[in-house]
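my questions concern the predicted model and sequence given below.
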Amino acid sequence: MRRALLPLCLLCAFTVLWPRVLRAWFQPDVAPVFDRNALHPLAAGLAAHQVGVWTAPGDAARDARQSNPEWDFMGRTFLAWSAANMALRDPARKAEHLETIDRLISRTLDLEAKHGFRHFLMRYGQADTFVAQPARSLFVDGEIALMLALRRVVEDRWTERVLLQRRLGVMEAQLRASPLIAAESYPDECWTFDHANAMAAFRIADVLDGSDHSELISAWLRVARERLIDPSTGLLVSSYRLDGTVKDGPEGSTIWLTAHALDLIDPVFAADQYARARLHLDHSIAGFWLAREWPKGSDGRIDIDSGVQLPIVEASPSSSAFALMAAANFGDREALSGLMASLTFAAFPVEDSTGTHFAASNAVGDSVILYALTLGPAWDRVKRSGR
């Protein structure tokens, strides 16, 4: 009996302890993420690789565009936002990071001028007719506006000021033309993600220029609370039509970034949405944190945004990457630690002469992770100036 029990006890001990040992092995230090004067070593490696991908496009950038034109666009915008935060974290390298932002803005605006905003949209956005005319995409306008705004947060210039004010003027006209303060990203398709980014850009412009879009921001927040809340979870829905009809309910690939953007315009609402997202989307396996794309029991559909859903563990790589961003934004060390452990364990970081990238990710996924590891200083500066 003793001989039989010993192996069984050892097996039980191994089963209980091994996941914790594994977690400890892959657990990176998260302190530099919260230190506004430091840069996480993983972020430094990712930045080096990302700059090579997006400022001197190679196979990774071409692959992103072939898979999804949105990724070609978002890879640039997230890198620009990251560079702004890196410039504030390390003033000694500000000129280098500003050069990266300027090259990204210039290239993006050149592509938009040459091909139109549809160049950055998926096929159905290129073929279908927008309801509002003249046609615009808040997805494109909002992220470009944030690129320009964050560049100005680091170092203001007249050129970016004019470009930002013009774009915000176009965005405001479209939003005010709708009773629901709604603008299309795709034909008759409005995304909460894009509206939150747009409102953050308006907020930054108000701080920098002394303008006042507070009524517009408040009107959109009122619509969001009254018309865009999922009744079963209290989370903001992901997409809706111009008349307010919901298309897609809460999604991890939307709500995590939305909460981050909301933190600049309504911190209480933002914290509420983050807490609800944690409740309905986060889960942990032996200390490794993951995020679902949809709340349990919902009828979410897999698409290019949600990405592949990992069975058994109920994980969405897309939602998990954006959850990393939200955890960093809200100072959630426990969640950030668990998510980074999962990232280094399952995404297979590769270090080479170009820097660092993740074998299980792609160029745009890496740019989202980079932004998650660098965000904070720009939002902090806007909040301080706003007060």
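Received the coordinates, thanks. Numbering: from 1, shown residues only.

would you map the helices across the stretch 1-150 of the chain?
Listed in chain order, the helices of the stretch 1-150 of the chain (DSSP state H, counting those that start in this stretch) span 2-25, 31-34, 41-55, 59-67, 69-89, 94-115, 123-127, 138-154.

now those helices as CSV including distance to residue 222 and mean pLDDT?
Glycine gets a C-beta too; all of them are placed from N, C-alpha and C. Shown next, in CSV, are the helices of the stretch 1-150 of the chain (distance: least, C-beta to C-beta, whole Å; pLDDT from 0 to 100):
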stretch, distance to residue 222, mean pLDDT
helix 2-25, 43, 45
helix 31-34, 33, 94
helix 41-55, 37, 93
helix 59-67, 37, 67
helix 69-89, 27, 96
helix 94-115, 31, 96
helix 123-127, 28, 85
helix 138-154, 18, 98
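
now the strands for the stretch 151-300 of the chain?
190-191, 239-240, 246-248, 282-285, 288-291 (DSSP state E, counting those that start in this stretch).

highest average neighbour count across these?
The highest average neighbour count among the strands of the stretch 151-300 of the chain, using mean count of other C-beta atoms under 10 Å, belongs to strand 190-191 at a mean of 26.

strand partners of that one, parallel vs antiparallel please.
strand 239-240 (antiparallel) (DSSP bridges).

that older thread, how about the strands of the stretch 151-300 of the chain in JSON lines, adding distance to residue 316 and mean pLDDT?
Below are these laid out as JSON lines (distance: least, C-beta to C-beta, whole Å; pLDDT from 0 to 100):
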{"stretch": "strand 190-191", "distance to residue 316": "17", "mean pLDDT": "98"}
{"stretch": "strand 239-240", "distance to residue 316": "17", "mean pLDDT": "98"}
{"stretch": "strand 246-248", "distance to residue 316": "14", "mean pLDDT": "96"}
{"stretch": "strand 282-285", "distance to residue 316": "11", "mean pLDDT": "80"}
{"stretch": "strand 288-291", "distance to residue 316": "6", "mean pLDDT": "86"}
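
select, out of the ones you listed, the one closest to residue 38.
For residue 38, the closest of these is strand 288-291, at 22.6 Å, according to C-beta to C-beta.

from the contact counts, what lies against the closest one?
strand 282-285, helix 317-329, helix 333-346 (3 or more C-beta pairs under 8 Å, 6 or more residues apart in numbering; DSSP states H and E).

what number of residues lie near residue 118?
18 (other C-beta atoms under 10 Å).

cool, residue 157 as well?
13.

which residue packs closest to it, ignoring adjacent ones?
Of all residues not flanking residue 157 in the chain, residue 151 sits nearest, at 7.8 Å (C-beta to C-beta, 6 or more residues apart in numbering).

I'm done for today, thanks for sticking with me.
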